[in-house]
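Asker: Can you look at this prediction? I've put the sequence above it.
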Amino acid sequence: MLNKYPMWKNLMVMLIIAIGALYALPNLFGEDNAVQIQGTRGYTVSSDTMSQVQSALDTASIAIKRIELKQDVLEVRVTNGDDQLKAREVISDLLGKSYVVAMNLAPSTPEWLEAIGGGPMKLGLDLRGGIHFLMEVDMAEAISKAQTQMTTDFRSDLRSERIRYSGIRAVGDAVIIQFRNADAMVKAENFIGSRYNQYQVTDSNADLSLRITMTQEHLRQIREEAVSQNITIIRNRVNELGVAEPVVQRQGAERIVVQLPGVQDPTRAKEILGATATLEFRMQDTKTDARDAAVGRLPASSELFDRRGGGSVVLTKDVILTGDHITGARAAFDENGQPQVSIDLDAQGGDKMASATKDAIGMPMATLFTEYKPTDEKDENGRTKLEKIQEVVSVATIQSRLGRSFRITGLGHAEAQNLALLLRAGALKAPVQIVEERTIGPSLGQQNIENGLQAMIWGLIVVIIFMAVYYRAFGLIANLALSVNLVMIVGIMSMIPGATLTLPGIAGIVLTVGMAVDGNVLIFERIREELRNGRSIQQAIHEGYGNALSTIADANITTFITSLILFAVGTGAVKGFAVTLMIGIATSMFTAIVGSRALVNLIWGGKRVKKLSI
């Protein structure tokens, strides 16, 4: 029988539409003004912290909508923006600098929707408001770190090759190695030249020394790696700390753009991004007492560092390993119930660790944390100077030769959690500093949303009126299909984890409103043509949908491919436009071809119809 869908096909259409509507539903519930509390530098949020916060807010007469503790983050929801500001001040005064207190917007999705993965669309910075940072990578420090690693590698390699040298030091942009005789200098020059093609070696017979500098290609590679690795690590760090839908991308040769939608507290954002830290594993110098080192009695091969939590410790200058080689870190408990951090290294890092610890069983190894914080001073280029702060976060005894996987023990629970977080997020290749900062208020984002919605509503109204007047009953079916199409776009955007709606994305939806009825127009005109050619009503409907399919598919596939190219090569606003356009094309084809035909079949299919309202 013509124009009759089997039951399974009707059920499939209804199921797809129902799923789209279900996942679009969370967008109706809005967001709550929230304050988030998270421990820092060894502190953690507990149920006692939650009780203190709740009591302080009750005393300040601030109404709490909901308070909950999730994965060491305490979230307090209040009724309005004024209470949000007051709550942040009260909580900050209560907890002090040991905790980060930040304002945020939390979706008020019902728990039953959250349980099936439902949530509202992620809004971009231009719609939701938030914080924009432009960060600059300190290339001088990146090159300095590479030079330090050069010194360590040369010292280790010459010892392993039994080549005697009298001194090795960094001077300007070069590393100078001093020798006692010419034979040792020649052996070292041949060895370094054959092993390291990224360095230029110049000998000096006058003072028996080698001057080693980096090639221009190697310097370029260091700069490139500094930016690309920092981008990856900043993105990981933001994701680890729970900031939703961040935008982290490169701008120019040395700068990184970071956008944090929904975050309204620059202090919180700087705490996340400003931890321009590196990690190093070094051996403890057990032969030197920390009290002697504090008064200046310190070997040239060792350094004195403060220890987190109090006290000091002497470490050797040789760096066993940096955080660059860490591929994974997990906080757990050992067989005795004590906190530990399990660390996984890459192949190169495993070789270095095995080589350094094979003769160091029973000796203590330290994890050195180096942080760069901005100061009030400026350098000759007008950039903010960074203060270097170093502290030992853990000292653990080596129980056996270490390889690609090992454990750090002797930590508190909170310290183990924080160290694992830092190790997972990675250590920045070089310090970064914020050179531009903009906070976009939620009111401006709301205005953008309202303007975009108005454009979409007016476009929808015009299309609906035209279709209803021109195609009558079939026009109403097309309008219903168009409405379902919009709901499905919202539902799919809400379902896709990485999809973010921006202002250009709204433009893509507005464009889709106009394009979505194209398929129905082609079908309806083909039906009219078949009726004029003397076909019966059932045959005209069947031929109209069947023959128009290839034309609709060709037109939409070419547009989809163009959108895919825009998404692949574009950035920022272009990507946002391309995403919504691709989703809109896919849903409009479904609603125009499958959805509208299911409704037409339901109303007119298989029936004796004398006149068609089209």
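Answerer: Ah, there it is. Numbers count the residues shown, from 1 in each chain.
Asker: Dihedrals phi and psi, G124?
Answerer: phi -70, psi 180 (degrees, to the nearest 10).
Asker: what does T215 give?
Answerer: phi -70, psi 160.
Asker: thought it was touching Q198?
Answerer: Yes - with contact defined as CB atoms under 8 Å, T215 counts as touching Q198 (5.7 Å). For every residue, glycine as well, the C-beta is placed using N, CA and C.
Asker: what separates the residue nearest the centre of the chain from D126, distance-wise?
Answerer: Nearest to the geometric centre of the chain sits R235, at 3.4 Å (CA atoms, centre = their mean). Shown here: R235 relative to D126, a distance of 20 Å by CB to CB, to the nearest Å.
Asker: State the distance from E111 to R535.
Answerer: 55 Å.
Asker: the more surrounded of these two?
Answerer: Neighbour count, other CB atoms under 10 Å: between E111 and R535, R535 has more, with 16 against 6.
Asker: Phi first, then psi, for the more buried one.
Answerer: Torsion angles, degrees, to the nearest 10, at R535: phi -70, psi 160.
Asker: Show me which helix runs longest in the protein.
Answerer: helix 442-495 (DSSP state H).
Asker: And the next helix-or-strand element following that one, how far out from the chain middle?
Answerer: Next helix or strand after helix 442-495 toward the C-terminus (DSSP states H and E): strand 500-501. Centroid separation between strand 500-501 and its chain, computed with CA atoms, centre = their mean, to the nearest Å, is 15 Å.
Asker: Toward the C-terminus, what is the element adjacent to strand 500-501?
Answerer: Immediately after strand 500-501, counting by DSSP H and E, sits helix 503-532.
Asker: just checking, what packs against whatever helix or strand comes next after that next one?
Answerer: On the C-terminal side of helix 503-532, the nearest following helix or strand under DSSP H and E is helix 537-569. Here helix 537-569 touches helix 503-532, helix 573-589, helix 596-604, going by 3 or more CB pairs under 8 Å, 6 or more residues apart in numbering; DSSP states H and E.
Asker: between these, which one is nearest to A416?
Answerer: With respect to A416, and counting by CB to CB, the nearest of the helices and strands packed on helix 537-569 is helix 573-589 at 38.4 Å.
Asker: any idea of the mean pLDDT for the closest one?
Answerer: Average pLDDT, helix 573-589: 87.
Asker: heads up, I number from 41, so please use that
Answerer: New numbering, starting at 41: the last item is helix 613-629.
Asker: Could you pull out the buried residues of it?
Answerer: 615-629 (16 or more other CB atoms under 10 Å).
Asker: who touches it?
Answerer: By CB atoms under 8 Å, 6 or more residues apart in numbering, the residues outside helix 613-629 that reach it are 60, 164, 525, 528-529, 532-533, 539-549, 551-552, 555-556, 559, 592-593, 596, 599-600, 603-604, 606-607, 610.
Asker: Next, the angle from that helix to helix 577-609.
Answerer: Helix 613-629 and helix 577-609 are oriented at 160 degrees to each other (axes from the mean of the first three to the mean of the last three CA atoms, to 10 degrees).
Asker: Distance from helix 613-629 to the middle of the chain?
Answerer: Worked out by CA atoms, centre = their mean, helix 613-629 lies 22 Å from the chain centre.
Asker: And for stretch 646-654?
Answerer: 56 Å.
Asker: Now tell me what touches that stretch from outside.
Answerer: Residues outside stretch 646-654 that contact it (CB under 8 Å, 6+ apart): 41-44, 511-514, 564, 567-568, 571, 577-578, 580-581, 644.
Asker: ends of it, how far apart?
Answerer: Start to finish, the residues bounding stretch 646-654 are 18 Å apart (CA to CA, to the nearest Å).
Asker: buried set for it?
Answerer: 652, 654.
Asker: what do you get for stretch 514-522?
Answerer: Going by 16+ other CB under 10 Å, stretch 514-522 has these buried residues: 514-515, 517-519, 521-522.
Asker: looking at this protein, which helix or strand is least sure?
Answerer: Lowest on mean pLDDT, DSSP states H and E among the helices and strands of the chain sits helix 306-313, with a mean of 63.
Asker: about what we covered before: next, format the helices and strands packed on helix 577-609 as CSV and append distance to M90.
Answerer: Output for these, formatted as CSV (distance: least, CB to CB, whole Å):
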stretch, distance to M90
helix 543-572, 37
helix 613-629, 37
helix 636-644, 51
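Asker: R251 is nearest to which of those?
Answerer: helix 613-629 (48.2 Å).
Asker: now that closest one and helix 543-572, what's the angle there?
Answerer: 30 degrees.
Asker: According to the record, where do the domains of this protein fall?
Answerer: 47-66+481-644, 71-147, 180-258, 314-478 (automatic domain parsing).
Asker: Least confident of those domains, on average?
Answerer: Averaging pLDDT over each of the domains of the chain puts domain 314-478 lowest, since it has a mean of 79.
Asker: what residues does stretch 371-389 touch?
Answerer: Residues contacting stretch 371-389 (CB under 8 Å, 6+ apart): 361, 364-370, 393, 434, 443-449, 451-453, 455-457, 459-460, 463.
Asker: actually stretch 554-569, not the one I wrote
Answerer: 499, 503, 507, 511, 514-515, 517-518, 521-522, 525, 580-581, 583-585, 587-588, 591-592, 595-596, 599, 624-625, 627-629, 631-633, 636, 652, 654.
Asker: again, 6 Å this time
Answerer: 503, 511, 514, 518, 522, 525, 580-581, 584-585, 587-588, 591-592, 628, 632, 654 (CB atoms under 6 Å, 6 or more residues apart in numbering).
Asker: Narrow those residues to just the buried residues.
Answerer: 503, 511, 514, 518, 522, 525, 580-581, 584-585, 588, 592, 628, 632, 654.
Asker: Tell me how far the residue nearest to the centre of the chain lies from S268.
Answerer: From R275 to S268 the distance is 11 Å (CB to CB).
Asker: end-to-end on stretch 319-327?
Answerer: 24 Å.
Asker: Only the buried residues of it, if you could.
Answerer: 319-325.
Asker: and if you look at stretch 342-352?
Answerer: Applying 16+ other CB under 10 Å to stretch 342-352 flags 342-345, 348 as buried.
Asker: which one of those sits closest to E420?
Answerer: For those, the nearest to E420 is E343 (28.2 Å; CB to CB).
Asker: Contacts only, for that closest one.
Answerer: 355, 357.
Asker: Is it bridged to anything, and to what?
Answerer: L355 (DSSP bridges).
Asker: Any idea how far stretch 359-374 is from the middle of the chain?
Answerer: With CA atoms, centre = their mean, you get 20 Å for stretch 359-374.
Asker: Now do the SS call for K327.
Answerer: Here K327 is coil, with the state taken from DSSP: H, G, I helix; E, B strand; the rest coil.
Asker: Give me the distance between R478 and T540.
Answerer: In terms of CB to CB, R478 sits 18 Å off from T540.
Asker: Run a quick neighbour tally on the closest residue in space to F231 that isn't next to it in sequence.
Answerer: Residue nearest to F231 in three dimensions, not counting chain neighbours: E201, with 5.8 Å by CB to CB, 6 or more residues apart in numbering. Neighbours of E201 under the rule other CB under 10 Å: 12.
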